[in-house]
Structure formats: structure tokens, C-alpha cells
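>>> Need coordinates for the following:
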Amino acid sequence: MKAITAKKASLAELRKKICDIDGELLRLLKERVETARQIGLEKTQYQIPVKDPEMEDLVRDRNRATAASLGLYEDLADELSELLIRYAVRAQVEA
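Prediction:
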């Protein structure tokens, strides 16, 4: 019975760690969106189009390379890049 209780405690600790990591990811995403808004204001001021396919490709390539170097799933980096780009564009348009 003690072994099961210890395993449950260990599992709870790991789940808490995931929860903490998720919170940190969201805080970083908030910072990223706020920075994208600032970029949107700059683009508006200088009449630069919001969409920048070259920069979007750079984001995709950089994230894919970083994922590979970390031993992380590259398809995760691909999907994450699409979300990051989508919400950066949205924040820039709303700025």
C-alpha cells in the first residue's frame, strides 16, 4: 500500500511540474503577443504590411532547427510556429 501511495505522490509532483511549465509558457506567450502588438504599431506608423511571408518562413525554419537541436518533435515545432504566426498577425492587426 505504501508503494502505491508513493507512486501517486510522485505522479502528483510530476503533474504539478507540468502545470507550472504550462503557466510559464502562457506567460511567455503573453509577452510574445504584447511584443507583436508593438510591432503592429510600428508597421502601422511606417505603412508596412502586417503579413511578412519572408519573416514567417524564418520563424518556421528557426523553430524547426531549434526543435531538432533539442531532440524535440519537429512536427510540434511546425504546429507551434503556425499558431505563433497566426496570433502575432492577429495582435498586429488589432494594434
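
>>> how far away is residue 82 from residue 75?
Taking C-beta to C-beta, to the nearest Å as the measure, residue 82 falls 11 Å from residue 75. Where you see a C-beta, it was placed from the backbone N, CA and C, and this is true even at glycine.

>>> Have a look at those two and say which one is more surrounded.
Between residue 82 and residue 75, counted using other C-beta atoms under 10 Å, the more crowded position is residue 82 (14 against 10).

>>> for residue 73, phi and psi?
Residue 73 adopts backbone torsions of phi -60, psi 120, taken as degrees, to the nearest 10.

>>> how many other residues sit next to the residue nearest to it when sequence neighbours are not counted?
Excluding its sequence neighbours, the residue lying closest to residue 73 (C-beta to C-beta, 6 or more residues apart in numbering) is residue 67, at 6.7 Å. Using other C-beta under 10 Å, the number of residues around residue 67 comes to 18.

>>> Residue 67 is in what secondary structure piece?
Here residue 67 sits within helix 53-70, counting by DSSP states H and E.

>>> Ends of stretch 67-82, what's the gap?
14 Å (C-alpha to C-alpha, to the nearest Å).

>>> Show me what the helix or strand hosting residue 20 is packed up against.
Taking DSSP H and E as the criterion, residue 20 maps to helix 2-45. If contacts are counted by 3 or more C-beta pairs under 8 Å, 6 or more residues apart in numbering; DSSP states H and E, helix 2-45 sits against helix 74-94.

>>> hmm, who's touching the helix it packs on?
Applying C-beta atoms under 8 Å, 6 or more residues apart in numbering, the external contacts of helix 74-94 come out as 29, 32-34, 36-37, 39-40, 43, 50-51, 56, 59-60, 63-64, 66-68.

>>> Kindly report the same for stretch 64-72.
So stretch 64-72 is contacted by 73, 74, 76, 77, 78, 81 (C-beta under 8 Å, 6+ apart).

>>> Show me what counts as buried in that stretch.
Judged by neighbour count (16 or more other C-beta atoms under 10 Å), stretch 64-72 contains these buried residues: 64, 67.

>>> Could I get the average pLDDT for that stretch?
The pLDDT scores in stretch 64-72 average 98.
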